[in-house]
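J.: just coords:
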């Protein structure tokens, strides 16, 4: 099903502008023939086979352009090139694809952006609008006949630039709220002067704080204050002075008011002492601070080991830790495989889009990764980290593989062209079966222990809004195709995992604000919250005996794995 998201006039205008730009041969990945769709303000470049995605990206690009133009009261002087990649295929994920950039076949720069499609149109909308905002920032700075102070002195602070672009793209969204909850709980809020420091290393914390600053400024001083501040940075060459000009307040006073607004927003949060004593046991410890994301726990069949991905920096590594209670904190990691396969250059987005599963005898770990220009499902030796087998599949992206209890079936979310759907791979027959087929985002599959059904998250809605950020949990009978909504709270209900007896389901939901873990008794349809994390809890997985779960929590600006006994 292809959504009718364009008027016939606009669609015809763009289709008549399609031309082909073949990539260089011999780059080490499948040959890509690049095409272009022209809209009023953008050129959309995309590979063959992604025409449907390109049409939607064209609409989102024009929507993003209009949103940024309205926020900044400015029109860009140039046509913006928007390059669309399949998930995990962008130049930051694949060294070989950089050849196209070096050869000039894809020209990035001040008027060009590149985005990857992970199956979510909400994410694609945000990514396109965010990067278009950066193009506007530079264009506005150079919208003068002579060099301006902001350019010559490089006075646009990186954290401010990122926070402004993200706020224009999506306002103060749930990701920003999650980070700010953690920051305010730990008392680590920094001020405006620190954010304005050009020497500041821009991490998630810094640009999320800047995002919250722009929310405060817009609420206090009006919807066009953000654009006026940007123009005054251009004219006077100093962010702090630009803020003073537009608000009429001293920086110290504004800092105090912003801090007060954050304290009012988050005044009900628990303190560190209470949070540390919430009954969850921390499993991952990184004394050297090299990993900021320890994610995707998976418990071995005997319940004694937990596999996970350490996705800090530009690479992701597979690790196994002891789950036994008598393990001392510094000695929990028992296996660490930094060089078992090309997990290097695995972005955090791909890490989050992954899922780990153990074989029935506990000797292998299943995960999705990119190899030789394509996504594959790998089986890894749990003792030494070597690759045991690889399943190469004909998809532009393979995400969240989930193995059945007997190891015969693997469910996964796959992108074939312009949507993420649920598929089943039969390891005995080598055959792929498509279970869902629509334009909505279907992800997070979890196979029932008997292999007869699969539970997944989907943003399907009767209104046909494929970009809606509202996911429900759906159970699909593999034999007859009947779908049943198990959880639909009005928020995002995601990342299900089914207990080994098939009667209970744990999942992450933001139905009450922050994401937390809930337990659904599928025999009674009764759900209860089982965690009370301040900033968020994600990726719950059952212990085999059904008496506990492992999950990921954001604490002190790091994603770590915790175990909770039920």
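T.: Arrived safely, thanks for sending. Note that the coordinates shown come from a computational prediction; the quantities given were computed from them, not determined experimentally.
J.: Quick check: bridge partners of residue 476?
T.: For residue 476, the beta-bridge partners are residue 454, residue 483 (DSSP bridges).
J.: That one: how many residues sit nearby?
T.: Residues lying near residue 476 (other C-beta atoms under 10 Å) number 21. (Each C-beta comes from the backbone N, C-alpha and C, glycine too.)
J.: With residue 119 instead?
T.: When neighbours are counted by other C-beta under 10 Å, residue 119 comes out with 23.
J.: go on, residue 462?
T.: So residue 462, with other C-beta under 10 Å, has 5 neighbours.
J.: Distance-wise, check it relative to residue 235.
T.: Going from residue 462 to residue 235 by C-beta to C-beta, to the nearest Å gives 50 Å.
J.: Once you drop chain neighbours, what's closest to residue 364?
T.: With C-beta to C-beta, 6 or more residues apart in numbering as the criterion, residue 364 has its nearest non-adjacent residue at 4.8 Å, and that residue is residue 379.
J.: Count the neighbours of the one you found for me.
T.: Neighbours of residue 379 under the rule other C-beta under 10 Å: 20.
J.: If I look at it, what pLDDT would I see?
T.: pLDDT recorded at residue 379 is 91.
J.: which residues does residue 507 contact?
T.: 473, 487, 493, 494, 495, 496, 497, 517, 518, 520, 540 (C-beta atoms under 8 Å, 6 or more residues apart in numbering).
J.: Dump these into TSV; add secondary structure and pLDDT as well.
T.: What follows is the contacts of residue 507, written out as TSV (DSSP: H, G, I helix; E, B strand; the rest coil; pLDDT from 0 to 100):
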residue	secondary structure	pLDDT
473	strand	98
487	strand	97
493	strand	98
494	strand	98
495	strand	98
496	strand	98
497	strand	98
517	strand	98
518	strand	98
520	strand	98
540	strand	98
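J.: Reformat these as CSV; add neighbour count and distance to residue 368.
T.: Below are the contacts of residue 507 laid out as CSV (neighbours: other C-beta atoms under 10 Å; distance: C-beta to C-beta, whole Å):
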residue, neighbour count, distance to residue 368
473, 25, 21
487, 23, 25
493, 27, 23
494, 22, 17
495, 29, 15
496, 25, 18
497, 24, 17
517, 26, 23
518, 24, 26
520, 23, 26
540, 24, 19
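J.: circling back to that earlier point, wait, isn't the residue nearest to residue 364 in contact with residue 385?
T.: No. If you go by C-beta atoms under 8 Å, residue 379 and residue 385 don't touch, sitting 11.6 Å apart.
J.: show me where pLDDT drops low in the chain?
T.: Residues of the chain that meet the criterion pLDDT under 70 lie in 1-32, 88-110, 143-155, 268-278, 286-292, 312-315, 325-351.
J.: Spell out which residues make up each domain of it.
T.: Here the domain parsing of the chain from automatic domain parsing is 11-143, 148-269, 272-565.
J.: how about the helices of the stretch 201-350 of the chain, start to end?
T.: 204-221, 225-236, 239-247, 251-265, 272-276, 348-352 (DSSP state H, counting those that start in this stretch).
J.: what does the third one contact?
T.: Outside helix 239-247, the residues that touch it by C-beta under 8 Å, 6+ apart are 155-157, 160, 192-193, 196, 217, 220-221, 225, 228-230, 232-233, 235-236, 250-251, 254.
J.: Which of the residues you listed are buried, as a PyMOL select command?
T.: PyMOL command restricting the contacts of helix 239-247 to the buried ones, with burial defined by 16 or more other C-beta atoms under 10 Å:
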select buried, resi 155+156+157+160+192+196+217+221+225+228+229+230+232+233+235+236+251+254
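J.: Give the buried residues for stretch 72-88.
T.: Using 16+ other C-beta under 10 Å as the test for burial, stretch 72-88 gives 72, 74, 76, 80, 81, 82, 83, 84, 85, 86, 87, 88.
J.: contacting residues for the fourth one?
T.: The one in question is residue 80. Residues counted as contacts of residue 80 (C-beta under 8 Å, 6+ apart) are 41, 42, 43, 61, 65, 111, 112, 113, 132, 135.
J.: Output those as a markdown table; include the columns secondary structure and neighbour count.
T.: Rendered in a markdown table, the data for those read as follows (DSSP: H, G, I helix; E, B strand; the rest coil; neighbours: other C-beta atoms under 10 Å):
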| residue | secondary structure | neighbour count |
| --- | --- | --- |
| 41 | coil | 18 |
| 42 | strand | 27 |
| 43 | strand | 18 |
| 61 | helix | 29 |
| 65 | helix | 24 |
| 111 | coil | 17 |
| 112 | strand | 18 |
| 113 | strand | 22 |
| 132 | helix | 30 |
| 135 | helix | 23 |
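J.: Can you tell me which of these lies closest to residue 213?
T.: Checking those against residue 213 by C-beta to C-beta gives residue 132 as the nearest, at 20.9 Å.
J.: coming back round to it: so which of the helices of the stretch 201-350 of the chain comes closest to residue 532?
T.: For these, the distance to residue 532 is smallest for helix 272-276, at 8.6 Å, taking C-beta to C-beta.
J.: No further questions, thank you.
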